[in-house]
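> Fold the following for me, if possible:
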Amino acid sequence: MPPRQRPSFPKHVLAYHTITDTWTVVGTMPQAVVTTTAVRWKDRIVIPSGEVRPGVRTPMVQTATVGTKSVDFGTVNYAVVVAYLLALVAMGFYFSRREKGTDDYFLAGKRIPWWAAGMSIYATQLSAITFVSIPAVAYATNWIVYPGQITILLMAPVVVIFYLPFFRRLNVTTAYEYLEHRFNLAVRLFGSLSFVVFQLFRMSVVVYLPALALSAVTGINIYICIATMGILSTLYTVLGGMEAVVWTDVLQVMVLSGGMCLSLLIIVMDVGGIGTVYQTAIEHDKLRMFNWTWDSSQAATWLVLMGSFALQFGPYTTDQAVVQRYLTTKDDRAAARSIWLNGILTIPFGLMFFLLGTCLFVFFRLHPELLTLGMENDKVFPLFMAAQLPVGLSGLVIAGVFAASMSSLDSSMHSVATALTTDFYRRLNPQVDDRRCMRLARVLTVVAGGLGTLVALLLARFDISSLFFLFQKLLGLISSGLVGIFILGIFTRRGHASGVLVGEVASFVVLFYVTMNSNVHFYLYAVIGIGTSVTVGYIASWLLPSPVGEREGLTWWSLHKLPAENEDV
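Purely as a prediction, here's the structure:
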């Protein structure tokens with residue numbers, strides 16, 4: 001057969017998805033070619049020349065771009081999102097009527113029921129990072145990091161027994177007031193400032209992640225997403241204070257848990273039952289939970305457990321956003337119950353997050369045509385919610401994702417305002433009246449919310465593949481030294497101000513070196529950082545002179561000398 005009469009090659013463009021191991025048709029070429037190459041040039045793929053049929057070449061140069069698609073979100077879903085977000089603002093207006101002073105604004109007048117405080121603690125730590133990224137981790141890999149979820153429950157007795165008595169009996173507003181009682185003012189201010197700096201970074205991350213994912217699947221401009229969350233959460237937090245923050249958190253946990261359950265039900269029914277999910281997951285090694293290796297550069301089981309447990313010390317023992325919730329209940333017993341409830345909630349919720357990720361893998365393996373070409377893993381759950389949930393319900397769950405981000409943002413900005421007002425302004429101006437502190441707290445809430453939103457807008461210009469692991473890494477790097485200061489204060493008599501600050505500096509230096517010059521897995525960062533802070537801080541406290549020794553009743557060994565809080569049992 002003459003070359004010109006030979007059949008041309010198929011024009012279909014196939015895409016291979018590396019996670020689901022599937023091929024799907026994503027388009028057609030003007031002219032199919034073989035025996036050539038494809039190269040990237042700027043934002044295009046260039047295919048020069050090539051054979052159009054056996055033995056026949058073409059002088060044509062073709063270019064292609066990877067198109068993006070978004071789900072038609074629809075008027076009904078947009079209306080649901082707007083209504084939900086306005087309801088949060090309305091809650092801020094409602095609770096604003098109950099604020100009489102800073103005690104109400106910072107601690108909700110200690111009126112919060114233990115179960116609401118527990119759900120608020122969970123919502124604060126949940127954020128959109130967990131809600132969006134953990135299913136993406138299970139979708140892309142397996143369950144190897146799931147054992148780390150149980151360490152939150154293991155942290156509950158540590159907090160209840162060793163930390164909570166100091167925060168409640170000293171009648172503090174911030175966790176860092178304890179540091180002044182135990183050490184001196186400089187340590188208190190250092191601890192508070194460390195928290196503020198970290199929270200400003202955290203706010204931007206927890207706003208940016210859901211905005212990125214939701215923008216990709218709904219078509220809403222990412223900058224509009226970020227600005228909406230930042231402005232609305234700032235508004236209801238300024239209005240309603242801690243009480244609005246807690247009760248909006250409770251609502252958000254309920255909506256998100258309902259969205260997860262509904263998503264699981266729809267997937268299981270679509271793919272043919274739980275048996276199909278299990279069989280497919282087993283065949284592709286998606287349920288592997290343990291990695292028995294001693295290699296510290298991998299996510300080994302021992303490393304995940306040890307590293308996760310060390311990571312929990314930061315948020316649950318030194319983070320004002322969490323500690324502040326311990327103080328919103330009426331007494332020690334209620335506070336302890338809230339801590340236990342948070343720990344218990346992490347087990348079933350963690351199970352659902354990982355199961356959801358596995359179910360998403362099975363669903364998109366059976367329906368690869370529904371995936372967006374070139375989509376980042378963190379967008380897989382928002383894509384499913386926007387495209388597969390019933391109209392109205394998808395709007396409610398998407399609104400819940402906005403709210404998950406806002407629940408962390410409101411907690412961070414409120415706690416930053418609390419720390420700056422209490423640890424700096426009120427402490428350095430003891431004669432200032434409560435009304436002026438209240439006004440300053442509201443102004444600082446607005447400033448913190450504005451800064452967090454601004455940094456999130458800047459982050460939108462960068463490409464970050466997995467923010468769950470980025471956040472875990474930042475948490476280990478930044479919080480470890482402060483954790484060591486609290487450990488030295490509570491568990492040692494020897495630790496003093498100069499020594500613990502030396503330990504903090506050593507922790508940062510060692511962690512910076514490890515990050516830059518080793519392949520140690522980031523789960524070990526917190527272990528290394530806390531270990532360095534405690535060890536060096538203790539040794540330095542032996543070697544350096546201190547004008548002030550241990551103060552009575554401010555270590556675990558002399559806790560009995562502090563008066564117990566009066567409880568209304």
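> what about the helices in the stretch 451-569 of the chain?
467-491, 497-517, 525-543 (DSSP state H, counting those that start in this stretch).
> and the second one with helix 525-543, angle?
Orientation of helix 497-517 against helix 525-543 (axes from the mean of the first three to the mean of the last three C-alpha atoms, to 10 degrees) gives an angle of 150 degrees.
> re earlier: include distance to residue 370 when you put the helices of the stretch 451-569 of the chain into TSV, please.
Bear in mind the C-beta positions are built from the backbone N, C-alpha and C, glycine included. Formatted as TSV, those follow (distance: least, C-beta to C-beta, whole Å):
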stretch	distance to residue 370
helix 467-491	23
helix 497-517	39
helix 525-543	37
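> right, and those - which one's nearest residue 183?
helix 497-517 (4.0 Å; C-beta to C-beta).
> What lies in contact with whatever helix or strand residue 321 lives in?
Per DSSP states H and E, residue 321 falls inside helix 320-326. When contacts are defined by C-beta atoms under 8 Å, 6 or more residues apart in numbering, helix 320-326 is touched by residues 106-107, 112, 117, 120-121, 124-125, 159, 164, 167-168, 173-176, 192, 195, 199, 242, 246, 315-317, 335, 338-339, 411-412, 414-416, 418-419.
> Give me the subset of those residues lying in strands.
With DSSP state E as the criterion, strands contain none of the contacts of helix 320-326.
> Which among those count as buried?
106-107, 112, 117, 120-121, 124-125, 159, 164, 167-168, 173-176, 192, 195, 199, 242, 246, 315-317, 335, 338-339, 411-412, 414-416, 418-419 (16 or more other C-beta atoms under 10 Å).
> Could you report the separation of residue 346 from residue 525?
Plainly put, residue 346 is 21 Å away from residue 525 if you go by C-beta to C-beta, to the nearest Å.
> out of the two, which sits in the busier spot?
Each of residue 346 and residue 525 has its neighbours counted (other C-beta atoms under 10 Å); residue 525 has more, 26 against 23.
> so the more buried one sits right up against residue 303, yeah?
No: look at residue 525 against residue 303 with C-beta atoms under 8 Å: they stay out of range, at 10.9 Å.
> Highest mean neighbour count out of the helices of the stretch 451-569 of the chain?
Among the helices of the stretch 451-569 of the chain, helix 467-491 has the highest mean neighbour count (mean count of other C-beta atoms under 10 Å), at a mean of 23.
> tell me the mean pLDDT for it?
For helix 467-491, mean pLDDT rounds to 74.
> show me where the stretch 151-300 of the chain has helices.
Along the stretch 151-300 of the chain, counting by DSSP H, counting those that start in this stretch, helices occupy 164-169, 177-182, 185-218, 222-271, 274-283.
> closest one to residue 513 among these?
helix 185-218 (19.5 Å).
> any idea of the pLDDT on residue 459?
You'll see residue 459 listed with a pLDDT of 75.
> Please apply the same query to residue 268.
In this model, residue 268 carries a pLDDT of 93.
> That one and residue 277 touch, don't they?
Yes: between residue 268 and residue 277 there is a contact at 6.2 Å, judged by C-beta under 8 Å.
> Need the residues touching each of the two.
Listed as contacting both residue 268 and residue 277 by C-beta under 8 Å, 6+ apart are residue 359.
> Neighbour count: those two, which is higher?
Just comparing residue 268 and residue 277: by other C-beta under 10 Å the higher neighbour count belongs to residue 277, 22 against 18.
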